[in-house]
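Chemist: sequence first, then the predicted structure:
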Amino acid sequence: AREYRSTGRAALLYDAPSTAAGKVAIAGSGLPLEVVVDTDAWVKVRDHSGRLAWIEKSAFGGAKTVMVKAEISAIRRQPRAEAEVVFRAARGVLLEITGQADSAGWLPVKHADGQAGWLPAHEVWGR
């Protein structure tokens with residue numbers, strides 16, 4: 001099974017497990033990343049675009065998040081396709097996971113502004 005972790009703060013991504021290595025990008029706070037290799041102080045990760053990089057382990061923490069990968073995702077009041085839409089989230093929006101996905105594949109999430117609901121788990125990346 002894949003493991004994902006979310007950054008607890010903005011952090012640099014490097015091309016090797018050292019602060020002396022080349023800087024690849026900046027990962028914003030709350031960004032979900034797939035764990036590829038986990039060492040004592042560093043984690044090799046894959047981002048939503050497939051890029052591989054290293055990040056200091058201390059950068060992880062805080063709420064578990066996912067990134068919307070659908071063009072637009074409707075977040076619904078209940079975990080059903082016919083349920084009322086609470087809000088819509090565009091591709092790239094980060095949402096906090098607030099519980100476990102149900103048996104039908106609906107994931108409970110919350111937006112940073114406090115709105116919450118359910119969306120199909122296949123419409124997000126990072127879980």
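Modeler: All right, it came through fine. Just so it is clear, the model here is predicted, and its values are computed rather than measured. Numbering: from 1, shown residues only.

Chemist: rest of the way, CA atoms for contacts and neighbours
Modeler: OK.

Chemist: how about residue 19, what does it touch?
Modeler: Contacts for residue 19 (CA atoms under 8 Å, 6 or more residues apart in numbering) come out as none.

Chemist: distance of it from residue 38?
Modeler: 16 Å (CA to CA, to the nearest Å).

Chemist: also residue 123?
Modeler: 27 Å.

Chemist: looking at these two, which one has more neighbours?
Modeler: The neighbour count for residue 123 versus residue 38, taken as other CA atoms under 10 Å, is higher for residue 123 (18 against 13).

Chemist: that one reaches residue 75, doesn't it?
Modeler: No: taking contacts as CA atoms under 8 Å, residue 123 lies outside contact range of residue 75: 10.4 Å.

Chemist: next, count neighbours for residue 40.
Modeler: By other CA under 10 Å, the residues close to residue 40 number 7.

Chemist: now swap in the one 3 residues further on and tell me
Modeler: Burial of residue 43, expressed as a neighbour count using other CA under 10 Å, amounts to 24.

Chemist: what's the helix or strand for it?
Modeler: When elements are assigned from DSSP states H and E, residue 43 belongs to strand 42-46.

Chemist: please state the offset of that strand from the chain centre?
Modeler: Centre-to-centre, strand 42-46 and its host chain are 14 Å apart (CA atoms, centre = their mean, to the nearest Å).

Chemist: can you pull the buried residues of it?
Modeler: 42, 43, 44, 45, 46 (16 or more other CA atoms under 10 Å).

Chemist: got any ranges where the protein has weak pLDDT?
Modeler: Within the chain, the ranges that satisfy pLDDT under 70 run 1.

Chemist: so which residues of it form strands?
Modeler: 4-6, 11-14, 23-27, 32-38, 42-46, 52-56, 65-68, 72-76, 85-90, 94-97, 106-110, 116-120, 124-125 (DSSP state E).
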